[in-house]
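K.L.:
need a 3D model of the following:
(one chain, ligands or ions: 2)
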Amino acid sequence: MKAAVCHAFGEPLKIEEVNLRPPLKGEVEVKIAACAICHSDILFAEGAWGGTLPAVYGHEAAGTVVAIGEGVTGLEIGDTVLATLLRSCGHCATCGGGHPAICETKYDRAHGPLTTLDGGVLEHGLDTGAFAERCVVDQSQVVKIPNDIPMESACLLSCGVITGVGAATNTAQIRPGANVVVIGAGGVGLNAIQGAAICGAAKIIAVDLSQEKLDTAMEFGATHGILASSDKPYRAVKALTGGR
Ligand SMILES: [Zn+2]
Ligand SMILES: [Zn+2]
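P.N.:
Numbers count the residues shown, from 1 in each chain. Ligands and ions are numbered 1, 2, ... in the order given. Next up is the predicted model:
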């Protein structure tokens, strides 16, 4: 199959043929319909976080299940799914403690399902390798979704949306009626705003340098928008929150 391969940090990715082995026990093969480009992919491709080369990045994907390994439950061939980077073993201390997103079990990306055509090492970037026609991932990384969501929108659920919504619902545990300030209304910030709205926040104040982004923030549930470039923007926030 074809994949976008990083051979040297900071250089353009090259589209070329690579090997993807079939799914083993507990793994699922997904035919990629859409994969967003997350800033983490860009940082990896620039070498900011190291890793083995060559590598295939891409971890914000949606597609269809085309093969299933032994022992996989709850998924069938033909299911429309997300393929995410969140791999969890289900039995380490953090998984057992209810925090599978920070699973402690190490995964060797250099010896995953990808190899070069001559059998050499090809890093399974971000545990997913979704800048490709297909990817093989652990079943914990696959989530079934309805099949009527446009794939180019659905793929965003795999990283940007859950990062922002999860920051509001899980990390901050926003209570109904709380006031929330979100600094930065980009991809993650907009979804933190959406998460705050889902949590029932009273005032949701977006702060950004761009009026256009503040306008978009209102569509995602912000009740107020403050330009960060305005004079002492924190005063405008405090005026809205009773000085708190
Ligand atoms: Zn990401
Ligand atoms: Zn674990």
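K.L.:
contacts only, for the most centrally placed residue in the chain.
P.N.:
Centroid-nearest residue in the chain, with C-alpha atoms, centre = their mean: residue 159, separated by 1.4 Å. Neighbouring residues of residue 159 by C-beta atoms under 8 Å, 6 or more residues apart in numbering: 36, 38, 40, 59, 60, 84, 85. Every C-beta, even on glycine, is put in place using the N, C-alpha and C of the backbone.
K.L.:
which SSE is the third one in?
P.N.:
Taking DSSP states H and E as the definition, one finds residue 40 inside helix 39-46.
K.L.:
strands along this structure, start to end?
P.N.:
When secondary structure is read from DSSP state E, the chain shows strands at 2-5, 14-17, 19-20, 27-35, 55-56, 61-68, 80-83, 114-115, 123-124, 134-138, 142-144, 180-183, 204-208, 224-227.
K.L.:
get me the contact residues on this protein for ligand 2.
P.N.:
Proximity of the chain to ligand 2 is confined to 88, 89, 92, 95, 103, 105 under the rule C-beta under 5 Å from the ion.
K.L.:
at 8 Å what do you get?
P.N.:
Proximity of the chain to ligand 2, by C-beta under 8 Å from the ion, involves residues 88-96, 100, 103-105.
K.L.:
now, of the residues you listed, which are buried?
P.N.:
Among the residues of the chain next to ligand 2, those classed as buried by 16 or more other C-beta atoms under 10 Å are 88, 89, 92, 95, 100, 103.
K.L.:
and the longest helix belonging to the chain, what's its mean pLDDT?
P.N.:
Counting residues, the longest helix found in the chain (DSSP state H) is helix 187-198. Here helix 187-198 scores 97 as its mean pLDDT.
K.L.:
do the same with stretch 65-77
P.N.:
97.
K.L.:
show me where pLDDT drops low in the protein?
P.N.:
Along the chain, the model assigns pLDDT under 70 to no residue.
K.L.:
about what we covered before: would you reformat the strands of the chain as JSON lines and include mean neighbour count?
P.N.:
Output for the strands of the chain, formatted as JSON lines (neighbours: other C-beta atoms under 10 Å):
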{"stretch": "strand 2-5", "mean neighbour count": "22"}
{"stretch": "strand 14-17", "mean neighbour count": "12"}
{"stretch": "strand 19-20", "mean neighbour count": "18"}
{"stretch": "strand 27-35", "mean neighbour count": "22"}
{"stretch": "strand 55-56", "mean neighbour count": "25"}
{"stretch": "strand 61-68", "mean neighbour count": "21"}
{"stretch": "strand 80-83", "mean neighbour count": "24"}
{"stretch": "strand 114-115", "mean neighbour count": "21"}
{"stretch": "strand 123-124", "mean neighbour count": "24"}
{"stretch": "strand 134-138", "mean neighbour count": "25"}
{"stretch": "strand 142-144", "mean neighbour count": "18"}
{"stretch": "strand 180-183", "mean neighbour count": "20"}
{"stretch": "strand 204-208", "mean neighbour count": "26"}
{"stretch": "strand 224-227", "mean neighbour count": "19"}
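K.L.:
dump those to TSV, plus distance to ligand 1.
P.N.:
What follows is those, written out as TSV (distance: least, C-beta to the ion, whole Å):
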stretch	distance to ligand 1
strand 2-5	16
strand 14-17	21
strand 19-20	21
strand 27-35	11
strand 55-56	15
strand 61-68	11
strand 80-83	12
strand 114-115	19
strand 123-124	15
strand 134-138	14
strand 142-144	15
strand 180-183	18
strand 204-208	20
strand 224-227	25
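K.L.:
domains in the protein, by residue range?
P.N.:
2-155, 160-240 (automatic domain parsing).
K.L.:
can you give me the end-to-end span of the longest one?
P.N.:
This points to domain 2-155. End-to-end span of domain 2-155 (C-alpha to C-alpha, to the nearest Å): 19 Å.
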